[in-house]
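Asks: model the following, please.
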Amino acid sequence: MTAETPDKSDKAALRQWRRAFGIALTGVFAGVPWQIERVQPVFNIEVRSA
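Replies: Residues are numbered from 1 along each chain as shown. Purely as a prediction, here's the structure:
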């Protein structure tokens, strides 16, 4: 493992931390007059050269 390429356990731990952080923020922003939408990852983007 190098600093640039985390292994699977590092990625899983980071994903769990982000999930917990997002859930905590949901409670913080409950009752505000605006809405937070979850951003979906974009996959299979077709890149075309000019």
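Asks: quick one: the residue nearest the centre of the chain from residue 11, how far?
Replies: Centroid-nearest residue in the chain: residue 18, 6.3 Å away (criterion: Cα atoms, centre = their mean). With distances defined as Cβ to Cβ, to the nearest Å, the gap from residue 18 to residue 11 amounts to 11 Å. C-beta here means a position set from N, CA and C on the backbone, and glycine is covered the same way.
Asks: picking up where we left off before, CA atoms only for the helix or strand that contains the residue nearest to the centre of the chain, dumped as CSV, please.
Replies: Element membership of residue 18 [criterion: DSSP states H and E] is helix 8-28. Backbone C-alpha positions of helix 8-28 (Å, rounded to 0.1, in the frame of the first residue of the first chain) are rendered in CSV as follows:
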residue,chain,number,x,y,z
LYS,A,8,-9.8,-1.7,0.8
SER,A,9,-10.0,-1.5,4.6
ASP,A,10,-9.0,2.2,4.4
LYS,A,11,-11.7,2.9,1.8
ALA,A,12,-14.3,1.0,3.8
ALA,A,13,-13.4,2.9,7.0
LEU,A,14,-13.5,6.2,5.2
ARG,A,15,-16.9,5.4,3.6
GLN,A,16,-18.3,4.5,7.1
TRP,A,17,-17.0,7.8,8.5
ARG,A,18,-18.6,9.8,5.7
ARG,A,19,-21.9,7.9,6.1
ALA,A,20,-22.0,8.6,9.9
PHE,A,21,-21.1,12.3,9.2
GLY,A,22,-23.9,12.6,6.7
ILE,A,23,-26.4,11.1,9.1
ALA,A,24,-25.3,13.5,11.8
LEU,A,25,-25.7,16.5,9.5
THR,A,26,-29.2,15.3,8.6
GLY,A,27,-30.2,15.9,12.3
VAL,A,28,-28.4,19.3,12.4
